[in-house]
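Engineer: Okay, sequence plus prediction incoming.
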Amino acid sequence: MAQVRLEHITKVFGDGAEAATAVDDVSLEIPDHEFMILLGPSGCGKSTLLRMVAGLEDPTEGDVFIDDVRVNDVEPKLRDVAMVFQSYALYPHKTVARNIEFPLKVRGIGKAERAAEAQRAAEVLGLGPYLGRKPGQLSGGQRQRVALARAIVRRPAVFLMDEPLSNLDAKLRGDTRAELVDLHRRLDSTFLYVTHDQVEAMTMGTRVAVINQGRLEQVGAPQEVYDRPASVFVAQFIGTPPMNIIPGGLLGDGSVRLGVRPEHLRLDTGDGATGAGGGRVQATVRQVEHLGHEVLVLAHGNGDDGLALTARLPPEPGLPGAGDVVEFAFADRHVHRFDAASGERLP
Ligand code: ATP
């Protein structure tokens, strides 16, 4: 059981002309047993943030609390956290069982108890049949699960995970995502999980903290962040394909930018089905991608070549082809409005 609290955390690497701010005044509270995702593009500072919770990096400013205890000066091994990285860092000459029980050996726990704990963690992750193998005789996904099992036996109050699934293929990633959610449900631990993959964030997180250039852009439940993005950055980072951003000037108000999700763009066939009060954009189709369950129509706005538009449409007859001029329409209730200058969401 643990709550993690970050108060005004800043991290600057280097000094003088070389100084670079990796994390910029981040405050975040992660309640006990939350599955919190730190989400953002490469280089946004999410790993640095995680490493400061682990104690592997010192904040330049600000405080880290675990269960109301300020841990800035507490050694990593005394923080009751376990970290799982993208690289599994297993001992190649030790068996799976020995790898898993290693943290307990370091703690001086007896052989029988170690073996029992390792066995239990292996069962949780479906590794029972592989306990006698060496890491070299396992698949990437199995190795990743050994690294997870090794973290589990420590029974940490907080799990810190840094892109632990990025080495896995798509199918295995999907399976392991589900396993992690299940694991979180069964363990009494708080999870702090770093990723740049918005699918992981949407499917696993209780809440998501979106980070951009070291700053916190938005914190909320995944669906909330999807439905009400706080900025153009969040709107375009969450959702695949990303939200269309249309300059308000095209529709008569240059002080705003309008956001419309690809699933909310319709091909206007002139039957009035899109409802009153919305908007329309004329565009030329660049490419049509048939994905089986849906079709993506990629276009650029007529009169504004820089305006890229994507619509997600059902795979039905009558779809346009490359080069066709179409009219996209959208209903008012699906429009997100952002300040044209700051990119922030408008009420
Ligand atoms: P990725 O997903 O690519 O790992 P990230 O969001 O985790 O990215 P960080 O690793 O936290 O990003 O890095 C944030 C910024 O701090 C980057 O610009 C990086 O170059 C810089 N940085 C990280 N570690 C150091 C270091 N030890 N010394 C100097 N700069 C660093």
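Structural biologist: Done, it's in.

Engineer: Backbone torsions only: list them for the closest residue to Ser166 other than its chain neighbours.
Structural biologist: Counting by C-beta to C-beta, 6 or more residues apart in numbering, Gln86 is the residue found nearest to Ser166 once chain neighbours are left out, at 5.1 Å. Glycine gets a C-beta too; all of them are placed from N, C-alpha and C. Torsion angles at Gln86 (phi, psi; degrees, to the nearest 10) stand at phi -60, psi -40.

Engineer: do the same with Leu296
Structural biologist: Per degrees, to the nearest 10, the backbone of Leu296 is at phi -100, psi 120.

Engineer: Count the residues that sit near it.
Structural biologist: By other C-beta atoms under 10 Å, 16 other residues sit near Leu296.

Engineer: is it in a bridge, and if so with what?
Structural biologist: In this entry, Leu296 is beta-bridged to Glu289, Arg312, by DSSP bridges.

Engineer: which ones are touching it?
Structural biologist: Pro241, Pro262, Val288, Glu289, Thr310, Ala311, Arg312, Leu313 (C-beta atoms under 8 Å, 6 or more residues apart in numbering).

Engineer: Show the buried residues in the residues you listed.
Structural biologist: Neighbour counting with 16 or more other C-beta atoms under 10 Å marks Pro241, Pro262, Val288, Thr310, Ala311, Arg312, Leu313 as buried within the contacts of Leu296.

Engineer: I'd like to know which of those is nearest to the ligand.
Structural biologist: If you rank the buried ones among the contacts of Leu296 by distance to the ligand using C-beta to the nearest ligand atom, Pro241 comes first, at 21.1 Å.

Engineer: ok, now which ones touch the closest one?
Structural biologist: Pro262, Leu296, Thr310, Arg312 are the contacts of Pro241 under C-beta under 8 Å, 6+ apart.

Engineer: Same check on Glu61?
Structural biologist: Here Glu61 is in contact with His8, Ile9, Thr10, Asp25 (C-beta under 8 Å, 6+ apart).

Engineer: For PyMOL, write the selection for the buried entries among those residues.
Structural biologist: To isolate the buried members of the contacts of Glu61 in PyMOL, using 16+ other C-beta under 10 Å:
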select buried, resi 9+10
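
Engineer: before we move on, the earlier item: dump the contacts of Pro241 into JSON lines; add pLDDT and distance to the ligand as well.
Structural biologist: Output for the contacts of Pro241, formatted as JSON lines (pLDDT from 0 to 100; distance: C-beta to the nearest ligand atom, whole Å):
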{"residue": "Pro262", "pLDDT": "97", "distance to the ligand": "25"}
{"residue": "Leu296", "pLDDT": "97", "distance to the ligand": "26"}
{"residue": "Thr310", "pLDDT": "97", "distance to the ligand": "25"}
{"residue": "Arg312", "pLDDT": "96", "distance to the ligand": "27"}
